[in-house]
Structure formats: structure tokens, C-alpha cells
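**Student:** Can you look at this prediction? I've put the sequence above it.
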Amino acid sequence: MTGTLVLAVDPMLAGDIGLTVVLLTLAKAVVAFAFLLVAVMLLIWFERKLLGGMHQRFGPTIAGPFGILQTLADGTKLFFKEDLVPDRSDRFVFKLAPYLSLIPAFLAFAIVPLGGDFSRGGTVEWFGHTTYLQVADPPVGILLFLAMSSVAVYGVMLAGWSSGSKYPLLGSVRASAQMVSYEAALGLAVAAIVLVTGTLSTHDMVVAQAAEGYLGIIPRWNVVVTGLVPFIVFMIAGTAELNRPPFDLVEAEQELVGGFHTEYSSIRFALFFLAEFMNTITMSAVIVTLFFGGPAGPVLVSELGGYSVAWAWGVVWFFLKLFVLLFCFVWMRATLPRFRYDQLMDLGWKALIPAALGWFLFLAALETGRDQGWSEAVVTVVSLLVFVAAGALLMRAVRRGRASRDREAAGPPAEERSDPVGERT
Amino acid sequence: MSEAVFVVAAVIILAGAVGVVASRNPVHAALFLVQTLVGVAVLFVLNDAHFLAAVQVVVYAGAIVILFLFVIMLLGVDKAEELRVEPIFGQRPLAVVVGAALAAALATVVVAGADVLTGLRRAGGDRALDGEATDIERMGRVLFGEFALAVEITAALLTVAVVGAVILTRRSPRPEATEAPVSGDA
């Protein structure tokens, strides 16, 4: 990757930092946080209403018009409930855990570009400062999202452990094993994006996707450029990372009472709930940024009453895309039954990670071929052959492993089936 | 400004380090370790090593300490440990000796500068001086250019380790075989 270096730093922070800049940054953070809180409120209502529709019932109807204030009512109720700390719990860690869930959820959202006119670089002019419509654009960009999603594991794990009770511990061990496993697939899907866009910064990723598309109608979104496979992997791994259905083994009610937050009540429970839905919104926003061009889109009306509103179209497109993805998450929840634990681990380690890795290598081969001037058709055919061979080998290995496991299970030493971590504690 | 950040990060790191040694509950010790690791990540950011900072959090805090916690929780040693029994004979006197040696080495580095021990003026040589590329780009060039062979050998070593771990967890067909703990993470 040669070419000029694009240092991914918000232009507002490049020069001297005065009071206006500090205030602008603060304002951006506050607005993003407030947006997330309101969005969570609406998302919970939306999810319940939509699930209700898909189940042929009404969903919330009482509080406010269409029951839209239901979440507010629930939150207020939770706030005034008694806050219990179990006797056998580790008090400090028990109180710390909800925040360890909540804060990474918000911090990860900070790197998402929310708007701006990306046909002209995606910057906005506010109070004489040129800036981006996103809270932060650190040089490590998307790695911050991965870091935060790995920190979020602590919230779940410690909540279960510190409760001093059996079912929360089972739930949290399941959850952390699941989250750690699927992080690998998530990271490989992100690596594919970094490979084709040549940057870690989320802003530059959106700039790359805002460029001229194919055939005049197909946008240059990464979902097209990377050939759909990383998107599917990311979507599945992301759902597992969120512990949302069909990967909600963490709180499988029939088996684990309520999972890692069984012992939590009152506002601490509300914090977990908030973190879960915040994570859903953040994950959808990151998917929009990585695969669907973020706020990039056509500017339909560039001026309104003398003011330039080109940047606002970015916000509009971003929210439309976000809404579609959130709908898909709810739709999946209503449609798919829950996975079994061994199926979950099989899918993660034996299907998603090999697929993501293979596709990543294929994209790398294409990129190298472009640099070296190889024929794209040859590269594709050779890669496909390698794919098929590697896939066949993997399938064979999996089948052999399963056969020998079955033989052992049926053999004289009647031990329990070799199970992954979750079922053993 | 950067001095203030350094002082705050140093306090966080040192407090975490003391906590790791001093806490009697292994889970608390692991959490203090996370505190230290995140503090070191802040120092990395302070030195413009953004990529290292991110990797520090993703790999060390996000995977390795999680693995520690798994082991602690699965083995059920998450209570205060019995401290009077010494598992390995002579462990404590040896620990004192090694600790003193490490402290001496650190003191030498602080007083006389790193080049006394390593012979290098700057760890990155001349490459650290060009302000042209981002740290990740520079690191990529060095790792996959100059040290490509070392990277490949490390990769081979890790693969061998994974294969070894799989074989160790495999149950032997004989009934009296010992059983190694199964981990969900390879």
C-alpha cells in the first residue's frame, strides 16, 4: 500500500486547541450520549411492538400514544425498586460490573461517523472550525471498537462471578466463552475491511465508500467490495457478541433462570438492560459504517433558506440505514430458535473463523495480484481451488474428530461426552 | 499536559501492580492486573504508539486475563489462598533474589540510561525518527519486511503449541488415562 499518508485526525484538533474546540468536543459527546439514551428507549419500545406484531399481538399499548412511553415507565419503576446486594456476593465487584458493561458500550459508539457531506470529504464548518460529525476519530479507529467489545466481556463475567450464586456463574462462563470465541471471527471480518480500504480510521472508511460506484447505480459500499462474505460473518458474530437471540444462551430462561444478571435488581439491572440495547445500537451503527457506507449518500437539497444543509443528508442516510439494520436484528430474534451450546461453538470455530480467514486470504491475494499485474481470473480460479481443497480437509478433520469422539463415548469407559467449558462448572 | 497524563497513568499502574501482589483473592488480583495493563496502554498512547495501545487492550486485557479468570473460576480457587504452604521448595528465597536482581537492573536503566544494558541508543534505531508514516504502517513494514522470517517462525511455533494443546486434551483410549482440563479457547 503506497501513496500519500492520510493521518486520521479530526482537523479541528490539529491546530491550537481553544475554548471553542473544547466546548464543541464536549457538546458532541453529550449529544451522542443523549442520542444513545433516547435511541435505547425507542429501540426497546420498537422491539416489543415489532415482536408483538410478528407474534400477532399488540405489544405495549398503555403508556403514551402507541405505548411509546412504556420504556420510560419501566425505567422509572426499576429506579424506585429496592436495590438488593446478595449476602454471599463480592460487594465491590458486584457494584462495579454494571458499569463495566455500560461504559464500553458508549465508548465504542464514539468512533461512529453520524453525518456530514461525504461527497466533499465529510467535514462540517461549525463556529469557524472544520470538524467531523463524530465524537472521536482516533488513529486506531475500528480497533477501539474491538478493544471495547473485549472489555465488555468483563462486565458479564464479573457480574456472574460476584453474585455468589450458581446460575449467574454458569451464565457468565457461557457468555464469556461465547464472546471470546466470536471476537476472533469479528476481528477477521474487520481485517477484510481494513485490507480493502487501507485504513483503520472509521472516517476514512466512509470516505473510501463514498467514492464513485459500479455501473452508476451500485454504490461502492464495502458489502459489495468485499464480496458479502465478511458482512455475513460480521453479522452472525456480532449477534453472538451481543448475546442476542438466536445466541442468547447466556440468559436461556429455561436452563439458567436469568443468566448472569439473575441476582441483580433495581437500577443495576436497568444498567445491564441499557448496556445490552446500547450495544445493539452500537453494533448496528458499526455495521453501517463498515459495510454500508455510513452517512455517505446523495445530497438531494443542498441549501435551505440560505443555510447549507448538505451535512444533514448524511445524518438522514445514516439513520435510515441504522433503522433497517435494527429491524433486521429484531426480525432475527422473532424468527430464529436458540442454538444449543455445542452448535454455537461448532459454528464459531469450525465455520465462521475458517470462512472469514479464507475469504480474507482471498481478498489479500486479489490485492497482491492487482499490485503485481496478475490476471484476476487466474487468481480467482487458483484461490477457489485452494478453498475447496482446504474446505475438504477441514470437513474431513471435523468428521474424523466427531467419529472418534462418538467411539469414545460409546466405548467401555462410560465418561460424559466431551463438552466445552460451559457445562462443567 | 503530557507530564500530568504520565503521572496519573503511573499512579494507576503502580496501584494496580501493588494490588496484584497484595490482594488475597485471586479474582481481585486478576482485576488489578487489568488495571495495570490499561494504564500501560495509556502510556503507549502518550508515546504515539496507538496501535500498541489498542493491541494491549485487545490481547492482554481482552483475552489473556479473561483466560486467567476462566482458570480461576473453573478450578474453584476463587477464595483466599492458603499462604503458609510453599508449593515449590525454596520458592520464596529465590523470589527475593530474583526480585532484587530485577530492581537492580531497573535502577541501572533509570540512573544510567537504557543504552548501558542493551547497547542501543534508541530501541527503534533510525526508523523511529522519520515522522512520515503512522506507527501501524511502520510496524507492518518492519515486521513483514525485515523480520518476516521471525514472524513466520513465531507463527509456526504457535501452530505447534495449538496442535500440542489439542493432543494433550485428547483422551487416550485407556481407561486409566489422566484427563487434562478442556478449554474453550485455543
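**Tutor:** Received, thanks.

**Student:** list the buried ones in stretch A:147-166?
**Tutor:** Counting neighbours by 16 or more other Cβ atoms under 10 Å in any protein chain shown, one finds that the buried residues in stretch A:147-166 are A:147-165. Heads up, the C-betas are built off the backbone N, CA and C, glycines and all.

**Student:** and it, how far out from the chain's middle?
**Tutor:** Stretch A:147-166 sits 18 Å away from the centroid of its parent chain (Cα atoms, centre = their mean, to the nearest Å).

**Student:** Excluding chain neighbours, what is closest to the closest residue to chain A within chain B?
**Tutor:** Taking Cβ to the nearest Cβ as the measure, the point where chain B comes nearest chain A is B:Gly62, at 2.6 Å. In this structure, B:Gly62 finds its nearest non-sequential neighbour in A:Ser150, 2.6 Å apart by Cβ to Cβ, 6 or more residues apart in numbering or on different chains.

**Student:** and what of A:Met157?
**Tutor:** Across the structure, with Cβ to Cβ, 6+ apart as the measure, the residue nearest A:Met157 apart from its sequence neighbours is A:Ser176 (4.4 Å).

**Student:** tell me the SS of residue 164?
**Tutor:** This is for chain A. In terms of secondary structure, A:Gly164 is coil; the call rests on DSSP: H, G, I helix; E, B strand; the rest coil.

**Student:** Which residue, neighbours along the chain excluded, lies closest to it?
**Tutor:** Sequence neighbours aside, A:Arg88 is the residue nearest to A:Gly164 in space, at 3.4 Å (criterion: Cβ to Cβ, 6+ apart).

**Student:** can you list the weak-confidence ranges in chain B?
**Tutor:** Low-confidence segments of chain B, defined by pLDDT under 70, are located at B:76-84, B:86, B:114-133, B:171-186.

**Student:** try 90
**Tutor:** Counting by pLDDT under 90, the low-confidence segments of chain B come to B:1-5, B:21-28, B:44-64, B:66-93, B:95, B:105-147, B:166-186.

**Student:** And the stretch 101-250 of chain A, by the same measure?
**Tutor:** A:101-102, A:105-144, A:146-184, A:195-229, A:240-250.

**Student:** Can you find the residue of it that comes nearest to chain B?
**Tutor:** Closest point on the stretch 101-250 of chain A to chain B, by Cβ to the nearest Cβ, is A:Ser150, at 2.6 Å.

**Student:** distance of that residue from A:Ala27?
**Tutor:** Remark: distance between A:Ser150 and A:Ala27 (Cβ to Cβ, to the nearest Å) = 30 Å.

**Student:** One more: A:Glu241?
**Tutor:** Distance from A:Glu241 to A:Ala27, counting by Cβ to Cβ: 30 Å.

**Student:** The residue nearest to A:Gly164 is in contact with A:Ser162, isn't it?
**Tutor:** No. Using Cβ atoms under 8 Å, A:Arg88 is not in contact with A:Ser162, being 9.8 Å away.

**Student:** From chain B, how far off is the residue nearest to A:Gly164?
**Tutor:** Between A:Arg88 and chain B the computed distance is 12 Å (Cβ to the nearest Cβ, to the nearest Å).

**Student:** Just the pLDDT for that residue.
**Tutor:** Each residue has a pLDDT score; the one for A:Arg88 is 81.

**Student:** What strand or helix carries it?
**Tutor:** Here A:Arg88, judged by DSSP states H and E, is contained in no helix and no strand.

**Student:** cool, A:Thr130 as well?
**Tutor:** With elements taken from DSSP H and E, the one containing A:Thr130 is strand A:129-132.

**Student:** so what's the spatially most central residue of chain B closest to, chain neighbours aside?
**Tutor:** For chain B, the residue sitting closest to the mean C-alpha position, by Cα atoms, centre = their mean, is B:Tyr60 at 6.6 Å. Nearest residue to B:Tyr60 in three dimensions, chain neighbours excluded: B:Leu37, at 4.7 Å (Cβ to Cβ, 6+ apart).

**Student:** so what's that neighbour up against?
**Tutor:** Contact criterion Cβ atoms under 8 Å, 6 or more residues apart in numbering or on different chains gives B:16, B:56-57, B:60-61, B:65 as the residues in contact with B:Leu37.

**Student:** ok, those vs A:Glu212, which is closest?
**Tutor:** Using Cβ to Cβ, B:Val57 comes nearest to A:Glu212 of the contacts of B:Leu37, at 36.7 Å.

**Student:** Verify the contact between that closest one and B:Ala41 for me.
**Tutor:** Yes. In terms of Cβ under 8 Å, B:Val57 counts as a neighbour of B:Ala41; the distance is 5.2 Å.

**Student:** Please spell out which residues along stretch A:366-384 are buried.
**Tutor:** Result for stretch A:366-384 [16+ other Cβ under 10 Å]: buried residues A:366, A:369, A:379, A:383.

**Student:** domain assignment for chain B?
**Tutor:** Taking automatic domain parsing as the criterion, chain B consists of the domains B:1-83, B:91-121, B:131-186.

**Student:** what about B:Ala150, neighbour count?
**Tutor:** Residue crowding around B:Ala150 was assessed by other Cβ atoms under 10 Å in any protein chain shown; the count is 10.

**Student:** Check A:Val196 too.
**Tutor:** By the measure other Cβ under 10 Å, the count of residues near A:Val196 is 19.

**Student:** Wait, it touches A:Arg370, no?
**Tutor:** No. If you go by Cβ under 8 Å, A:Val196 and A:Arg370 don't touch, sitting 10.8 Å apart.

**Student:** Make sure A:Arg244 is indeed in a strand.
**Tutor:** No. The assignment for A:Arg244, made by three-state DSSP, is coil rather than a strand.
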